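# Show me the folded form of this:
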Amino acid sequence: MSICAHRLACEEETRHQRLAMLRHALQQQGHPSTLVRHRHGRWSLKSGGQTVYCGGADGVYAYITQHGLILVPADDDNLAHAVQRLIDGHLR
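So this is what the prediction gives:
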């Protein structure tokens with residue numbers, strides 16, 4: 001595996017882990033959510049009629065809605081804020 005392919009796989013795994021953390025936090029609040037694996041290894045999170053992606057690279061990631069709205073940076077400090085915005089539904 002080349003260095004670029006390895007780096008891409010690591011970044012995809014990081015995005016998946018960040019979405020899994022968001023899913024876990026939403027489920028702890030009693031809001032069902034589902035992780036969906038799309039073609040080419042892309043992941044999304046479906047919760048309450050919203051679809052959320054994790055975008056970024058090189059250690060800088062953010063939660064992004066399907067409409068292109070950046071929710072918050074995808075880190076542990078902002079996880080609760082992302083959950084609250086998804087639960088409240090003030091995304092558009």
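# and S47, how many neighbours?
Neighbour count of S47, defined by other CB atoms under 10 Å: 19. Bear in mind the C-beta positions are built from the backbone N, C-alpha and C, glycine included.
# which element is H31 on?
If you go by DSSP states H and E, H31 is not part of any helix or strand.
# for it, what are its contacts?
Listed by CB atoms under 8 Å, 6 or more residues apart in numbering, the contact set of H31 reads S47, G48, L86, I87.
# Name the nearest residue to the third one, ignoring sequence neighbours.
Nearest residue to L86, sequence neighbours excluded (CB to CB, 6 or more residues apart in numbering): S47, at 5.7 Å.
# Mind pulling up the pLDDT for the one you found?
pLDDT recorded at S47 is 90.
# So in terms of bridging, what pairs with it?
Applying DSSP bridges to S47 gives these bridge partners: S33, Q50.
# rewinding a little: are any of the contacts of H31 buried, and which?
Buried residues within the contacts of H31, counting neighbours by 16 or more other CB atoms under 10 Å: S47, L86.
# Name the residues of the helix or strand hosting L8 that come out as buried.
L8 belongs to helix 3-28 when assigned by DSSP H and E. For helix 3-28, burial by neighbour count (16+ other CB under 10 Å) applies to E11, T14, R15, H16, R18, L19, M21, L22, R23, A25, L26.
# how close does the first one get to G41?
In this view, E11 and G41 are 10 Å apart by CB to CB, to the nearest Å.
# Check the third one too.
Between R15 and G41 the distance is 9 Å, computed by CB to CB.
# try the fourth one
H16 sits 8 Å away from G41, going by CB to CB.
# Then the last one?
L26 sits 22 Å away from G41, going by CB to CB.
# for the fifth one, same thing?
The span separating R18 from G41 equals 14 Å under the rule CB to CB.
# again, but for the second one
T14 sits 12 Å away from G41, going by CB to CB.
# Low-confidence regions, the chain specifically.
1, 90-92 (pLDDT under 70).
# Pull the contacting residues for P32.
L26, S47.
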